[in-house]
Structure formats: C-alpha cells, structure tokens
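Trainee: Kindly return the folded structure for what I paste below:
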Amino acid sequence: MNNMNLFLSVFSFLADDSLDLISPAFVAMFVRLIVNIIVLGVLVHFLYYPKSKRRDFYFTFMLVGIAIFFLIFFMMFVLEDLKGKTSIGIGIGLFGIFSIMRYRTDTMPVREMTYLFMIICLSVINALSVVVSIAELAIVNISVILATWYCEQYFFQDNIRQKLIKYDRVELIKPENREKLEADLLQRTGLNITKIEVGGIDFLKDTVVLRVSYIPQEEHTVNNSVDSQFVIKKEQWKEM
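Mentor: The predicted structure follows:
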C-alpha cells in the first residue's frame, strides 16, 4: 500500500500542469492503458489459457496487445500536428498491424487466430476511444469478454483433439471396411477415436493421410503444439 501511494504521488507530481512534464492526453492514455491491460488479462489468462495451456501464445497475445495500443496512440495523437498526414499514417499503420496476422512461420490454429484478431481490435479501440467515456469503453470491452466466454462455454469442444496420421493400409479406407479401420487404429495408437477423415492417397507408396479426432486421456488434456505435424522442425526441439 505504501508503494502504491508513493507511485500515485510521483505520478501526480509529474502530471502537474506547472511542471509540463506529462500532458493531460498522456494521463488519459494511461487510464485507457490500464483498461486495455485488464481486458487482455481477462481474455488471455481466464478464457484462453485454461483450455490451451500455450505459454507461447500467452506471451504473444499480451505483448502484441500492449505494443499495438502504444503504436496507435502515438501515431494518432503525437502526430496530430501533421493534420492530413495523420490519417494516411493511421491507414498505413493499421494495414501493417493486420498484416502481422500472416507474418508467421507456422500455421496458427483458428482459435488462436481469433484471439489474436480480437486482441488487435480491442487494443486499437482502446487507444482511439478518447471521445468516449470510460463507462462506454468499459461496456464495449465487457461485451467482447462476455461474448468470448459464451462461445468458449457452449461452442468450443475442449475435450476433442485432432491428429494427422500417415496410414499404410489403403484397403481399409473403403466405407465397408470402416469398422476394421477403427479397430486397427485403436490397436496401433490406443486413442479413443471419435471421427476419421480420409485425405490424400498415394497409391505409389500405398499410403493415405488420415485426420483422426479423438478424446484424450485426463492426464494428456494439454494441447500439443506438434499434434498435426509429420516432421518436427529444428527450432521446435528447443521447447521439447
């Protein structure tokens, strides 16, 4: 408590108009930054992370959200003296921000892509919402949080996983041999399979690609980042 009071005293001292060290716009930005961090924390820590357990995306979502907030704020308000050039800069900046959705080395799952898009949108909204009150801004953020919670509860199947399998018994992919296919996969993998999808077939090598949906055992409920890969890349060995 003493440390918090000291921080508030220092912040009030720096924000004093007579000192002209911190502008009122920066103080308003700081309040919205706190709101943005709280919203990101709720989305990532309480809604995303409990089901995925992906620390890499946790790290990415939080830092991307904070960085975009500062980027938009300074592009919008620090460059406001440029007038017409500001709108052009904002347009180019937003184009660059959403371009990072495709700036990645590995394929990002749909759920993670959705969270990244939401975090980018909320960070931009929180940075630009100077003309609206904190109450109105809170309503917008709370609405997104509630919508995300509802979708997580009723639409996202936490207990279903998928795995790609390169299978060597092509004759079993026929519809009449489906029971034999399921029995063979159960014996060889031990997975509790719920659905089998047939992909590409290579008759020269007598192989077929299967996408298998299964219910993991309780001790293996954490998402596997290489679950749907045939080859593990060199950089991924560092995390294993």
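Trainee: buried residues in stretch 153-172?
Mentor: Buried residues in stretch 153-172, counted by 16 or more other CB atoms under 10 Å: Arg161, Lys163, Ile165, Tyr167, Leu172. C-beta here means a position set from N, CA and C on the backbone, and glycine is covered the same way.
Trainee: What lies in contact with the strand ranked longest in the chain?
Mentor: In the chain, assigned by DSSP state E, the strand with the most residues is strand 192-202. Residues outside strand 192-202 that contact it (CB atoms under 8 Å, 6 or more residues apart in numbering): 160, 164, 170, 173, 178, 181-182, 185-186, 207-217.
Trainee: Point to the helix or strand of this protein where mean pLDDT is at its lowest.
Mentor: Counting by mean pLDDT, DSSP states H and E, the weakest-scoring helix or strand in the chain turns out to be helix 2-14, with a mean of 58.
Trainee: quick one on the thing from earlier: partners of the helix or strand just after the longest strand of the chain in the sheet?
Mentor: Remark: after strand 192-202, the chain's next helix or strand is strand 207-215, criterion DSSP states H and E. Sheet pairing here is set by DSSP bridges, and for strand 207-215 it gives strand 161-167 (antiparallel), strand 192-202 (antiparallel).
Trainee: could I have strand 207-215 exported to PDB, CA atoms only?
Mentor: In PDB, the C-alpha atoms belonging to strand 207-215 read as follows (Å, rounded to 0.1, in the frame of the first residue of the first chain):
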ATOM      1  CA  THR A 207      -0.200 -44.700 -48.100                       C
ATOM      2  CA  VAL A 208      -3.100 -42.400 -47.200                       C
ATOM      3  CA  VAL A 209      -3.300 -39.300 -44.900                       C
ATOM      4  CA  LEU A 210      -6.000 -39.600 -42.100                       C
ATOM      5  CA  ARG A 211      -7.200 -36.800 -39.800                       C
ATOM      6  CA  VAL A 212      -8.300 -38.500 -36.600                       C
ATOM      7  CA  SER A 213     -10.400 -36.800 -34.000                       C
ATOM      8  CA  TYR A 214     -10.100 -38.300 -30.500                       C
ATOM      9  CA  ILE A 215     -10.800 -37.800 -26.800                       C
END
